[in-house]
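*Asks:* quick one, structure for this:
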Amino acid sequence: MADFSKDSPEYGGNGHYRINGIDFMSVWTFKRKHSGTSENTTPINGAEGKELAKKCSQIYSSTPDFGGYEEILIFPVSELKNHYDL
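*Replies:* Residues are numbered from 1 along each chain as shown. So this is what the prediction gives:
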């Protein structure tokens, strides 16, 4: 079962959560909000998510608002920015 969902008080929008004062996003949401970071496709995002899961300090799961997945990973926005050199 996912840690968070759109029914969680931490919910800030699809793939975006504020947990203990820290913004977390899925790879897809981060790329959508920071256009130009890289291609935003499921195969690419899945591979990048696996890479991020190995190095991020905090990782949570969430239930996506739509799509074919039951659970996705969310990462600290500061670490996503570092990963994508933003």
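
*Asks:* residues contacting residue 33?
*Replies:* By C-beta atoms under 8 Å, 6 or more residues apart in numbering, the contact set of residue 33 is 16, 25. Quick note: C-beta positions are derived from backbone N, CA and C, even for glycine.

*Asks:* count of neighbours near the closest residue in space to residue 64 that isn't next to it in sequence?
*Replies:* Excluding its sequence neighbours, the residue lying closest to residue 64 (C-beta to C-beta, 6 or more residues apart in numbering) is residue 72, at 5.2 Å. As a burial measure, residue 72 scores 20 neighbours (other C-beta atoms under 10 Å).

*Asks:* just the pLDDT for residue 72.
*Replies:* pLDDT recorded at residue 72 is 94.

*Asks:* do the one 5 residues further on as well
*Replies:* At residue 77, the predicted lDDT confidence score is 97.

*Asks:* please report phi then psi for the residue lying closest to it once chain neighbours are set aside.
*Replies:* Leaving aside its chain neighbours, residue 77 sits nearest to residue 23 (4.2 Å; criterion: C-beta to C-beta, 6+ apart). When read as degrees, to the nearest 10, the backbone of residue 23 gives phi -80, psi 130.
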